[in-house]
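**Q** The following comprises the amino acid sequence and a computationally predicted model.
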Amino acid sequence: MKNETLTRVVFVVIFFFFLSLRKIEIIIGSLIVLILFVFVTDKNLKIFFKSIKSVLFFNLGVSLGYVVLALFKNISPWEYLIYINSKVVLMTLFIFYFFSKVSIVRFFAFSEDMSYLLTITLSQIYSYKKTFEDFRMAFVSRVVDLRNKEKQFIKNTFKFFLTKALRDSKERTMAMKARGSFEN
């Protein structure tokens, strides 16, 4: 129990330390140190590439939007882009590495409410992941010319998950209210 409490404290301290960093040089230095630490302890960089892959499209979209806006306002976007993207990769890598070593379920076991929310979240993630995999496998196995139908598949899949998420959120909210998780 004492070790788990210490683990939580260390995670929170490091997390907020990284979050509080403001200088690009320190962020990049911390990122390099973390990458080296991950490589030395794991002997590979799978977690680093996983963190890059997980934030790539979102960060790319945000970054492109910021560049366009900065060009219209005649300001240089590059310093901010380096700052924000380095910080996002640093935070993501830290969280991925930490939870590859520590069970996320045990980490949040100190609170019944947090455990309940984590259980709901994980069940949603696995359910959605399984459904997406089923959609993808059905698409690949039933469509001959994948390129011509890919846009329609993405559109329909997005629409399905958006509708499902909205419907599921209403059900989860009612279930949580019935259990007294929050008042309204």
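**A** Nice, I can see it.
**Q** for stretch 40-48, what is the average pLDDT?
**A** For stretch 40-48, mean pLDDT rounds to 90.
**Q** Other residues contacting it?
**A** Ile35, Val38, Phe39, Leu93, Phe96, Tyr97, Ser100 (Cβ atoms under 8 Å, 6 or more residues apart in numbering). Any C-beta I mention is one placed from the backbone N, CA and C, and that applies to glycine too.
**Q** From these, list just the buried residues.
**A** Ile35, Val38, Leu93, Phe96, Tyr97 (16 or more other Cβ atoms under 10 Å).
**Q** Skip ahead from the helix or strand containing the second one and say which helix or strand is next.
**A** Which is Val38. In the assignment (DSSP states H and E), Val38 maps to helix 24-42. Next along the chain after helix 24-42, taking DSSP H and E as the criterion, comes helix 46-72.
**Q** Return the distance of that following helix from the chain's centre.
**A** How far helix 46-72 lies from its chain's middle: 13 Å, per Cα atoms, centre = their mean, to the nearest Å.
**Q** Buried ones in whichever helix in the chain runs longest, by neighbour count?
**A** Looking across the chain with DSSP state H, the single longest helix is helix 146-178. Buried residues in helix 146-178, counted by 16+ other Cβ under 10 Å: Phe153, Arg172.
**Q** which residues sit in contact with Ile120?
**A** Taking Cβ under 8 Å, 6+ apart as the test, what Ile120 contacts is Arg172.
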